[in-house]
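Asker: Here is my input, please return the structure:
(chains A and B)
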Amino acid sequence: MPKQTRLILKIDLTNRAFEFQELPEDISFFFVGGRGLGAYYAIKEIPPHLDPLSPENLLVFLPGILAGTPAPGFSKWMVVAKSPLTGTYARSVCGGRLGAAMRFIGLDGVVIRGKATTPLYVVLKNREVLFLEAEDLWGLDTFETQERLKKRHGSKISVATIGPAGEKGVLFSAIIHERRAAARLGVGAVMGAKNLKALVIDPKEGTPPPIHNKEAFSKLVHEHSKAIKDHPRRIRLQQLGTTFMTMQMHELGIFPVKNFQKGCLSGVDKIGADAFNKLKVKDYGCYGCTTRCGNVFRAQGSPYGGTESEGPEYETIFSFGGEIYNNNPNLIIFADYLCDKLGLDTISTGVTIGFVMELYEKGIVTKTELDGLEARWGDPEFVVKMIYKIAFREGVGELFSKGTKKASELIGRGSEYYAMQVKGLELPGYEPRAAKAHGLGYAVSNIGASHMYGYVRQEISGLKEPREVDRLANEGKGDIVAWNQIKKAIEEVGILCNFADTNIDQRLIADLYLEATGIPEYSDQNFLWDVGHRIVCTERLFNIREGFSKDEDILPKRFLTEPLKNAGPSSGSYYKSFQKLLQEYYQAMGFDEEGRPKSDLLTRLSLGSILGSEINRLLHISG
Amino acid sequence: MKLKIKITDKLCLKSDIDHTEFYISTQGQTLKEVMPQITDFLLGTNDENLDQNRLLDSFLFILNGTKVIGKGEYSTLRLNEGDTIIIAPLVAGG
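Answerer: From the prediction side, this is the model:
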């Protein structure tokens, strides 16, 4: 096995102690880096059945193995933990510069455990680890926190911070870096529960990460950059990010409206790309990225005029647009701004507010129960007040700060039917009935309803690799979901951004991994495919250990029983044989009929030997 | 025989047209064969930024809201009366 060194910093907040550890060679070899290491640490070092907000939960910050190199689009970073929102494995991805900064100071991961007795923040600078008091920062929003820390430690630092929502323990609170978010699954609440206000990386005296074969690596990067310079997809993403997707999804009947009740939003063109273009101020790119898909928009008119927000992306246009029946782009920009500032996930926040609106429409909750507010569809006053109430867990915000699943369990009265979630994670902006592999992907994802766990691009963009997919068909989806999940896991060893992957195929990824590390096996696409498969399986094993089963691999009932309304070409569609799709996926992944990895798969992926025999015993893996 | 064309965002096309829907005629032709009509309508004049090949390379052509026409089908798939083609930017992300 070839030697490679990966350095992990382990921090114990309870004792304000730290230790640098070299990752064992076999772990480094089999899990490679990025998300692979996250999956490994989660199953090995998070104790079973742990309360995610207890000190023993881990908060793992991870760059990919190409972060900080010139490879464009590979400098994202992620946070791994056990999710307080879902109780599952959590991985939440973010852009910006923090991933590159971690690698500049020589780190392949920062594993944080314990809980500080008083609020603090941690500064990493080469081999220095400083535990600094954060009493003066606690309570500040994410923008002001970053500003103050930059004044204190210099403008070159990278900061990952929580806002009031993370401090208060909102179960879908985010970690914010610059104007970007590691948004999903409540990783902000995990950080808040540790009394950790911010992680600061100072790369000023660092050095670029080592590249095994600089000449070959540079050649690959140069050729790729040249090829995408004038590529229409890259140019469009730079022009306006993903706002272009709104009208396309609406035309196809995929854009969810009124909490997934239907597929038609009156005046949707007011929140299309043409409309947002008029509000654009400038664009923005993450470290080393040539796509530069970040866009800053400025709201106009009363009462939001002048507010600037980076984004909103398509998902936020959905969650504060169609989902809540709003076609005012200024409200979307303002809601996006507030969520970033207070440290909230825009998808879960918007979908939770849409959930409240439908409960109010159906008479399941009353004005009195909503602190005297009327939850009318598209009402900007209600939306803004609810964002604050949720972020600070004030009044009715306390109930809905738990997300739609837990809130519906507390409300009862049939409200569960209207909770648009899988395993507790709120759905993103693709109507499952109109894109059935997307929906199957939500159901079987190990982090709940995420579109980024294995984005099924084949359904909506005509991509024919590995094969064409009929988005409305009721069968033939399992293999394509499995393929995308494994492919995504390979990319997140990197960590490659979904928007910067223009012209990047599996061959190029393998070549980049090889030249960066010098590990010959990484040039073998079959080896990398096993790495991706291993990561997804490890994450599934984590969930099985936590008590999740086939019963949780399910979509909300609405999608299984209620034909989609007013959705153009997708009208009338619903899942006619969901269980069949589920079995297709299990078979494609090498799982048994209950959704558990079979023993021969574990052997092939060396998971038994890596994770230990105890795992097999604990999970009762079938033969 | 009419074929309906819908554009999702005018901005994508750098076009000055003030609407997003129009009709062209078809006699069961292929997408490649009706492209001159589409570009004529969109541009009105010769615009070097929007020649046919560039349009075909840069956009998704979605037939009747359900099928993305693959590049290999530009010259083979027949378009008929009552069909709708949605022209959308090639972005698909998340």
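Asker: how close does residue A:179 get to residue A:242?
Answerer: For residue A:179, the distance to residue A:242 equals 15 Å [C-beta to C-beta, to the nearest Å]. In this view, the C-beta of every residue, glycine as well, is placed from N, C-alpha and C.
Asker: Of those two, which one has the most company?
Answerer: It is residue A:242, of residue A:179 and residue A:242, that has more neighbours when counted by other C-beta atoms under 10 Å in any protein chain shown, with 25 against 21.
Asker: what's the neighbour count on the closest residue to the more buried one other than its chain neighbours?
Answerer: Among residues not flanking residue A:242 along the chain, residue A:314 sits closest, at 3.8 Å (C-beta to C-beta, 6 or more residues apart in numbering or on different chains). Residue A:314 sits with 27 neighbouring residues when counted by other C-beta under 10 Å.
Asker: Pull up the per-residue confidence for residue A:314.
Answerer: Listed pLDDT for residue A:314 reads 95.
Asker: What of residue B:12?
Answerer: Here, the pLDDT recorded for residue B:12 equals 69.
Asker: Please enumerate the strands of the stretch 251-400 of chain A.
Answerer: Ranges of strands in the stretch 251-400 of chain A, per DSSP state E, counting those that start in this stretch, are A:280-284, A:294-298, A:308-310.
Asker: buried set for the first one?
Answerer: By neighbour count, with 16 or more other C-beta atoms under 10 Å in any protein chain shown as the criterion, the buried positions of strand A:280-284 are A:280, A:283-284.
Asker: what residues does that strand touch?
Answerer: Contact partners of strand A:280-284, identified using C-beta atoms under 8 Å, 6 or more residues apart in numbering or on different chains, comprise A:179, A:238-240, A:292-298, A:308, A:310.
Asker: Write out the residues of the stretch 201-350 of chain A neighbouring chain B.
Answerer: Residues of the stretch 201-350 of chain A found near chain B (C-beta under 8 Å from any C-beta of the partner chain) are A:232-233, A:236-237, A:239-240, A:242, A:244-245, A:247-248, A:250-253, A:269, A:272-274, A:277, A:293, A:314-315.
Asker: change it to 7 Å
Answerer: A:232-233, A:236-237, A:242, A:244-245, A:247-248, A:251-253, A:272-274, A:277 (C-beta under 7 Å from any C-beta of the partner chain).
Asker: got a winner among the residues you listed for most neighbours?
Answerer: Of all these, residue A:245 has the most neighbours under the rule other C-beta under 10 Å, reaching 31 neighbours.
Asker: For chain B, which residues are neighbours of chain A?
Answerer: B:6, B:8-12, B:57-58, B:60, B:62, B:64-66, B:68, B:70, B:86, B:88-94.
Asker: Quick check: the gap between residue A:141 and chain B.
Answerer: In this view, residue A:141 and chain B are 27 Å apart by C-beta to the nearest C-beta, to the nearest Å.
Asker: neighbours around that residue, how many?
Answerer: Once other C-beta under 10 Å is used to define contacts, residue A:141 is seen to have 20 neighbours.
Asker: ditto for the one 4 residues further on
Answerer: Burial of residue A:145 is recorded as 24 neighbouring residues (other C-beta under 10 Å).
Asker: same thing with the one 3 residues further on?
Answerer: For residue A:148, the number of neighbouring residues by other C-beta under 10 Å comes to 16.
Asker: for the longest helix belonging to chain B, packing partners?
Answerer: In chain B, assigned by DSSP state H, the helix with the most residues is helix B:31-43. Under the contact definition 3 or more C-beta pairs under 7 Å, 6 or more residues apart in numbering or on different chains; DSSP states H and E, helix B:31-43 sits against strand B:21-25, helix B:52-58.
Asker: could I get the ones you listed as a markdown table with mean neighbour count?
Answerer: Below are the helices and strands packed on helix B:31-43 laid out as a markdown table (neighbours: other C-beta atoms under 10 Å in any protein chain shown):
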| stretch | mean neighbour count |
| --- | --- |
| strand B:21-25 | 14 |
| helix B:52-58 | 14 |
